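> this one's sequence-less:
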């Protein structure tokens, strides 16, 4: 009888824990890194017009956003346009710092996920980590969703707060 009571109690506890866990909520992962270039990456950089360029004069910026959600969730993601990223890094001191990159996104309503990616090289000579963070202070990604329960939620991600240096 004791085993039956203990197993019933354990089952009720597990059922309660799973029932209270909000599995209907989207899973969001977001991150940004600024890293040094590899020798191979630097070989591919066009350094025309620069005085004595070195590998240490450049950095690679990378930003990734992924949202997974139940199929019945309506989502809206406002991802900054490519020109916004370029303007932000060029705004540091008026120099042309954006050196080229790529972005992609996959955000189809019929699918239960959205992916956004941005990466580019920039001329970092003379910039501190604080300067780089400050350059991205105006870049904000917004994610909003409405589940089948009708509850509307929104999150904002300020890129300058997410940057990790490698």
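Thanks, I have it. Since this is a predicted model, take the numbers as computed values, not measurements.
> for residue 151, grab the count of nearby residues.
Close neighbours of residue 151, defined as other CB atoms under 10 Å, add up to 10. In this view, the C-beta of every residue, glycine as well, is placed from N, C-alpha and C.
> roughly how far apart are it and residue 75?
Note on residue 151: its distance to residue 75, by CB to CB, to the nearest Å, is 13 Å.
> check contacts around the closest residue to residue 131 other than its chain neighbours.
Nearest residue to residue 131, sequence neighbours excluded (CB to CB, 6 or more residues apart in numbering): residue 92, at 5.7 Å. Counting by CB atoms under 8 Å, 6 or more residues apart in numbering, residue 92 touches 127, 131, 132, 134, 135.
> and these, which of them are in strands?
Assignment to strands by DSSP state E places none of these there.
> any idea where the strands of the protein begin and end?
In the chain, the strands defined using DSSP E lie at 27-36, 58-68, 74-78, 98-106, 113-123, 140-146, 152-158, 163-165.
> the first one: partners in the sheet, and parallel or antiparallel?
If you go by DSSP bridges, strand 27-36 pairs up with strand 58-68 (antiparallel), strand 163-165 (parallel).
> may I see the buried residues of the shortest one?
Along strand 163-165, the positions that meet the burial threshold by neighbour count (16 or more other CB atoms under 10 Å) are residue 163.
> please compute how far it lies from its chain's middle.
11 Å (CA atoms, centre = their mean, to the nearest Å).
> over to the longest one?
Taking the mean of its C-alpha atoms, strand 58-68 sits 5 Å from the chain's own mean (CA atoms, centre = their mean).
> what of stretch 59-71?
4 Å.
> list the buried residues of it.
So, applying 16+ other CB under 10 Å, buried residues of stretch 59-71: 59, 60, 61, 62, 63, 65, 67, 69.
> same question, stretch 95-109
Buried residues in stretch 95-109 (16+ other CB under 10 Å): 97, 98, 99, 101.
> residues contacting the third one?
So that's residue 99. 45, 46, 58, 120, 121, 122, 123.
> and the least confident of these?
Least confident entry in the contacts of residue 99, by pLDDT: residue 46, with 88.
> for it, give its distance to residue 153.
44 Å.
> lovely, talk soon.
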